[in-house]
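Participant: what's the 3D shape of this:
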Amino acid sequence: MISITRVPVYFFTYHAYRSWMPDHKRGFVKEGEGYLPPNPKLAKAYRDVAKFPPVEFDHDTEKLLIEVAQDVCGRRDWHFHGGATEPSHFHALVSWRGKHRWQDVRGKIRNILSLELSKRAGTTGRPWFVQKASRKRVRDRDHFDYLMKTYILKKHRGWRWTEIVRWVPPKRRNATRGRHASQDPRSRAASNSPARKGGVAGATPSEEVRPKAPLVINWDLDDETIKGLSVE
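Facilitator: Next up is the predicted model:
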């Protein structure tokens, strides 16, 4: 018996710390002001006061990000549909039942990702991501299918995973990129850390939570009609 439920579906993007500065060629987003053109002067001011070097994810770290996000969702009534990585960011396509705010879901994933990266690096207090991840509400099947079949799998070069295709290994990069999780030497943790062996650090194999079976989403009902509704 298949449950058909209208649920919030969001595409979150977690940018690595200092990976998208105000002098980026495509511009930048400033809270309260929206999308702005490149600003080299502001970028210099940010760099001058930064307490940590930029973060760049290597392949091991990219895979870890997906594994941790799977684990976070698996331990709750959340559904991790897919994820994609690059040295500068991580995408997560997530849905959930209940009345959770997207801000809370986005924040919980980010906080545990940061915690696991810190455990792996043996450090504390080091920022791994920009303060707020971007988000986009997925409102119809076409958008969902594009993300699952094209954007996640074909538009990224790092580790990718979807609940249909499963793992897709990274494409080869040149030797100057993707070597470290960060330019901070303390982040160069061994890939056999607890977090790499069994999902979240400290979890034994019996405690691991596997991704749930694909969720069937009904895109046709409006939000008010289906609020809290589950049809079997």
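Participant: how close does the residue lying closest to residue 56 once chain neighbours are set aside sit to residue 71?
Facilitator: With sequence-adjacent residues excluded and distances taken as C-beta to C-beta, 6 or more residues apart in numbering, residue 56 is closest to residue 87, at 4.6 Å. C-beta coordinates here come from the backbone N, C-alpha and C atoms, glycine included. According to C-beta to C-beta, to the nearest Å, residue 87 and residue 71 sit 22 Å apart.
Participant: repeat for residue 136
Facilitator: Separation of residue 136 from residue 71 (C-beta to C-beta): 23 Å.
Participant: Quick check, residue 20 in contact with residue 132.
Facilitator: No: contact criterion C-beta atoms under 8 Å: residue 20 and residue 132 do not qualify, at 11.8 Å.
Participant: More neighbours: the two, which one.
Facilitator: residue 20 (18 against 14; other C-beta atoms under 10 Å).
Participant: The closest residue to residue 156 other than its chain neighbours: neighbour count?
Facilitator: Excluding its sequence neighbours, the residue lying closest to residue 156 (C-beta to C-beta, 6+ apart) is residue 84, at 4.0 Å. By other C-beta under 10 Å, 27 other residues sit near residue 84.
Participant: what about residue 84, which helix or strand?
Facilitator: strand 78-86 (DSSP states H and E).
Participant: Indicate each strand paired with that strand and its parallel or antiparallel sense.
Facilitator: strand 89-96 (antiparallel), strand 160-162 (antiparallel) (DSSP bridges).
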